[in-house]
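S.K.: the following block contains a protein sequence and its predicted model.
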Amino acid sequence: MVEDSRIEIDPPGGPNEPPPREPPVIMIRQGSGRWFALGCLLTLVALVTIFFVGVGSITSRVFGGGPDPETIASSSLEGLREQNTLIPFSARFVAVITSTQRRFGLSARKTLIMPGTVRYELNLSQLGEDDVAWDAGSNILTVTMPDLTVSEPAIDIAAIREYDDGGILIAVTDAEETLDEANRAEGQRSLMRQAQAAPTMRLARDAARRAVENNFQLPLRAAGIDATVRAQFANEVNPNQMDRSRDVLGEIREGKR
């Protein structure tokens, strides 16, 4: 006998779908423990910069000159690269999935409510020397970052809720196990779709920009340099709006030769 069996993923909000007892929510968090560690690093960089600025002020009175923004930018870049990975943003999503299995004219349905947290990571080790450019004419430091990486959802197992309509198929067959597998696989995909949606990605990118800009801005301000820091992603670069004619670290190396 050939068994007539199929699984259908019901669209959200279908006419026969029971209302979930826990409505879908999105909880957004900016930063993480690593962000706190990065803040500590920035404070240390600023303190060291202030010390050297004090020494530089005395030197400038004797020999002339002042703090070099390119040297400060170079130090900030190295400090960021040592952090390796920055998690400027994380968000919690909820997937609500209903699946139906039909066999021999009977049907069984299960609904899954599955919360999960996604992290948005910035690989700082990919920042290269040519990703930092200083425009002395406008006092603008431009930092070009690699794109964000979205982590796999971390499922909150304790918060998972499942509901079924009972019935003969669930009682006497493996329909429940089959529906559970289908729901959880679709739940993972739903969480990733929510995490990669344009509004959430925009929030994550904005948080990453602010984090990187602050990393470079704080030491510059501590040195008394009035400069604007602009952080952008590589896929956002518009060559008509950006002057990257100067390679900060390259010029420093050339000056040492």
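M.R.: Yes, it's here. Since the structure is predicted, the reported quantities are computational estimates derived from the model, not experimental observations.

S.K.: buried residues in stretch 136-143?
M.R.: Neighbour counts using 16 or more other CB atoms under 10 Å place 141-143 of stretch 136-143 among the buried residues. For every residue, glycine as well, the C-beta is placed using N, CA and C.

S.K.: distance between the ends of it?
M.R.: Counting by CA to CA, to the nearest Å, you get 15 Å between the two ends of stretch 136-143.

S.K.: returning to what we had before: the buried residues of stretch 136-143 in strands, which ones?
M.R.: The strands in this structure, assigned by DSSP state E, contain 141-143 from the buried residues of stretch 136-143.

S.K.: low-confidence bits of the stretch 101-250 of the chain, can you list those?
M.R.: Using pLDDT under 70 as the threshold, the predicted model of the stretch 101-250 of the chain has low-confidence ranges 237-250.

S.K.: if we use 50, what do you get?
M.R.: By pLDDT under 50, the low-scoring segments of the stretch 101-250 of the chain are 239-249.

S.K.: in it, which spans are strands?
M.R.: For the stretch 101-250 of the chain, applying DSSP state E, counting those that start in this stretch gives strands covering 106-123, 132-135, 140-145, 149-150, 154-155, 161-164, 228-233.

S.K.: so which of those is nearest Leu77?
M.R.: Within these, the stretch nearest Leu77 is strand 132-135; the backing value is 5.5 Å (CB to CB).

S.K.: still on that earlier bit, so can I have JSON lines of the buried residues of stretch 136-143 showing distance to Ala204?
M.R.: Output for the buried residues of stretch 136-143, formatted as JSON lines (distance: CB to CB, whole Å):
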{"residue": "Leu141", "distance to Ala204": "23"}
{"residue": "Thr142", "distance to Ala204": "20"}
{"residue": "Val143", "distance to Ala204": "17"}
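
S.K.: and which of those residues is nearest to Met201?
M.R.: Out of the buried residues of stretch 136-143, the one with the shortest distance to Met201 is Val143. That distance is 19.2 Å, counting by CB to CB.

S.K.: what's the neighbour count on the closest residue to the closest one other than its chain neighbours?
M.R.: Leaving out its chain neighbours, the residue that sits closest to Val143 by CB to CB, 6 or more residues apart in numbering is Ala231, at 4.7 Å. Close neighbours of Ala231, defined as other CB atoms under 10 Å, add up to 20.

S.K.: ok, Ala231 touching Ile140?
M.R.: No - if you go by CB atoms under 8 Å, Ala231 and Ile140 don't touch, sitting 11.5 Å apart.

S.K.: so what sits opposite Gln232 in the bridge?
M.R.: Here Gln232 sits in beta bridges with Thr144, going by DSSP bridges.

S.K.: return the alpha-carbon coordinates of stretch 76-93 using PDB.
M.R.: The C-alpha atoms that make up stretch 76-93 are tabulated as PDB, following Å, rounded to 0.1, in the frame of the first residue of the first chain:
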ATOM      1  CA  SER A  76      42.900  53.500  16.700                       C
ATOM      2  CA  LEU A  77      43.000  51.100  13.800                       C
ATOM      3  CA  GLU A  78      45.400  48.800  15.500                       C
ATOM      4  CA  GLY A  79      43.300  48.900  18.600                       C
ATOM      5  CA  LEU A  80      40.200  47.900  16.700                       C
ATOM      6  CA  ARG A  81      41.900  45.100  14.800                       C
ATOM      7  CA  GLU A  82      43.100  43.600  18.100                       C
ATOM      8  CA  GLN A  83      39.400  43.300  19.200                       C
ATOM      9  CA  ASN A  84      38.900  40.900  16.200                       C
ATOM     10  CA  THR A  85      35.100  40.800  16.400                       C
ATOM     11  CA  LEU A  86      32.700  43.500  17.400                       C
ATOM     12  CA  ILE A  87      29.000  42.800  18.200                       C
ATOM     13  CA  PRO A  88      27.400  46.200  18.000                       C
ATOM     14  CA  PHE A  89      23.800  45.000  17.800                       C
ATOM     15  CA  SER A  90      21.600  42.000  18.700                       C
ATOM     16  CA  ALA A  91      17.900  41.400  18.300                       C
ATOM     17  CA  ARG A  92      15.400  38.800  19.600                       C
ATOM     18  CA  PHE A  93      12.700  37.600  17.200                       C
END
